[in-house]
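Chemist: sharing a sequence plus its predicted fold:
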Amino acid sequence: MPHLAGDLDLLLRVLVAAALSAAMGWERERGKHSAGLRTHMLVGIAAALYVVLGNALVAGYEGPLASLRADPIRIIQGVSLGIGFLGGGVIFISRAEDRVKGLTTAASIWATAAVAMAAALQHYVLATAATLLILLVLRVFAVFDTADRPPPHAAD
């Protein structure tokens, strides 16, 4: 079991991402949004796992460094792009209400992936502070969301 200590370190990163993702997912779950606790946790865990696996592959490379063709930015870009497609799936137009719905949920999914990637890169303070900021935006600033208010009706 030569990789056990390294795997435990990587697992810690994924667990931190899962916990922070759970906080954001719980907020969405409480509001009965389409993507809640489990969705946010899965996004966070997967995003962190992609990042730690990419880092582990680079760190474990045994060939000459000059022949290593690795770009960690591509991992972040790939995760961000993939999450964008996932988030796009929760956005829809409500014809009954004549408005777009799911944008905040899609944005929270995207933000969850970013927080998870920060945790995977061991930026725990940044990931935690970003989570608190995201929760502030989702919960406290919801009072400014005009999308939840009925549209004004024309005078009869």
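Modeler: It's in.

Chemist: list the buried residues in the longest helix belonging to the chain.
Modeler: If you go by DSSP state H, the chain has its longest helix at helix 4-30. With burial defined by 16 or more other Cβ atoms under 10 Å, the residues of helix 4-30 counted as buried are 10, 13-14, 16-18, 20-25, 27-29. (Glycine included, C-beta is placed from N, CA and C.)

Chemist: go on, stretch 26-44?
Modeler: Result for stretch 26-44 [16+ other Cβ under 10 Å]: buried residues 27-29, 33, 35-37, 39-44.

Chemist: now stretch 47-62
Modeler: 47-52, 54-55.

Chemist: just the mean pLDDT for stretch 143-156, thanks.
Modeler: Confidence for stretch 143-156, expressed as mean pLDDT, is 57.

Chemist: for this protein, what spans make up the strands?
Modeler: With DSSP state E as the criterion, the chain has strands at 92-94, 99-101.

Chemist: ok, which of these comes nearest Asp145?
Modeler: strand 99-101 (11.5 Å; Cβ to Cβ).

Chemist: as a markdown table, the buried residues of stretch 47-62 with pLDDT would be great.
Modeler: Formatted as a markdown table, the buried residues of stretch 47-62 follow (pLDDT from 0 to 100):
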| residue | pLDDT |
| --- | --- |
| Ala47 | 95 |
| Ala48 | 95 |
| Leu49 | 94 |
| Tyr50 | 92 |
| Val51 | 92 |
| Val52 | 92 |
| Gly54 | 86 |
| Asn55 | 84 |
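
Chemist: any stretches of this structure with poor pLDDT?
Modeler: For the chain, residues meeting the criterion pLDDT under 70 lie at 1-2, 146-156.

Chemist: quick one, helices of it?
Modeler: Using DSSP H, helices in the chain cover 4-30, 37-59, 72-88, 103-120, 124-135.

Chemist: would you turn the ones you listed into JSON lines with distance to Phe144?
Modeler: Listed next are the helices of the chain as JSON lines, based on distance: least, Cβ to Cβ, whole Å:
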{"stretch": "helix 4-30", "distance to Phe144": "16"}
{"stretch": "helix 37-59", "distance to Phe144": "22"}
{"stretch": "helix 72-88", "distance to Phe144": "21"}
{"stretch": "helix 103-120", "distance to Phe144": "12"}
{"stretch": "helix 124-135", "distance to Phe144": "15"}
